[in-house]
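In: below is the sequence, then the predicted model.
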Amino acid sequence: MAPPAREKLVSGNWKMHHNHYEAIQFVQKLSAMLRASPVPPGRAVSLHPSLTSLRSVQTAVDSDGVPVALGAQTCHFEDRGAFTGEVSAGMLAKLGVRYVLAGHSERRAYAGETDEIVRAKVDAILRHEMTPILCVGETLPEREAGDATAKVVRQLEAALGGRDGSVVGRVVIAYEPIWAIGTGQVASSDDAEDMAACVRGTVRRLVGAEAARAVRVQYGGSVTADNAGEVMSCDNVDGVLVGGASLDPEAFSAIIHSGG
């Protein structure tokens, strides 16, 4: 039996692209496209610009009434302190940010974020009443060794174990096979569905069936307009986390509308 319908979330992670001038131009173009062809029912959109573009995107989205939620790419786990170059979850919340990525594979790889740090970031995001997008996924060697499921389960246990089910049900979990990010390789829809079902099953084991039904599971990894519809048609996949294709408003709009 298929799971109950959940709102699908299409998230654009700009990474280190688009200065604030380019960000404003992007929002203006996307706004015009979404006026002509509105976001489909049962679907939501978030944009995750670089830190220097957050305020510009917020202003552009608000002034044009664009049906897009503001997102951030990361935050620090402390609310304040001597952490040069960091930004707190509270600061993001004051800007109207609604979604924050936690544990993206690039942060884990390049910034040394451990499972413990990722859990602390999820704590901070929830503490400031925003929604974490918890990223989990395996490398190619881990997949080839048959360790993909164990890796994802371990990351979920570290970030979500011991929490109340009502809290976990609000989290978005993004499965991102690391070998597919920016490579053009894409997990098959069967692979995406299998891992999304594993994610949901792990949530069920950790915190209960109600949270497992409520939690949204995204797929991320070389998502384009050509494959987004098929991936989002999977029973347990509730949206996509888009990288490079989210940098172009036409391509991103096409993904938003993929699958109807």
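Out: Received the coordinates, thanks.

In: need the contact list for Lys121.
Out: Thr74, Cys75, His76, Phe77, Ala89, Val100, Ala102, Gly103, Glu113, Pro132 (C-beta atoms under 8 Å, 6 or more residues apart in numbering). Placement of C-beta: from N, CA and C, glycine included.

In: same check on Glu7?
Out: Gly42, Arg43, Ala44, Arg216, Asp238.

In: doesn't the third one belong to a helix?
Out: What that stands for is Ala44. No. Under the criterion used here (DSSP: H, G, I helix; E, B strand; the rest coil), Ala44 is strand, not part of a helix.

In: is it in a bridge, and if so with what?
Out: When bridges are called by DSSP bridges, Ala44 pairs up with Leu9.

In: count of residues packed around it?
Out: 19 (other C-beta atoms under 10 Å).

In: surely it is in contact with Gly71?
Out: No. Using C-beta atoms under 8 Å, Ala44 is not in contact with Gly71; the gap is 10.9 Å.

In: quick check: helices, which of the contacts of Lys121 are part of them?
Out: Ala89 (DSSP state H).

In: now, which of the contacts of Lys121 sits nearest Arg163?
Out: Closest to Arg163 out of the contacts of Lys121 is Pro132 (11.1 Å), distances taken as C-beta to C-beta.

In: chain center to stretch 179-192, what's the gap?
Out: 16 Å (C-alpha atoms, centre = their mean, to the nearest Å).

In: pull out the buried positions in it.
Out: Neighbour counts using 16 or more other C-beta atoms under 10 Å place Trp179, Ala180, Ile181, Val186, Ala187, Ser189, Asp191, Ala192 of stretch 179-192 among the buried residues.
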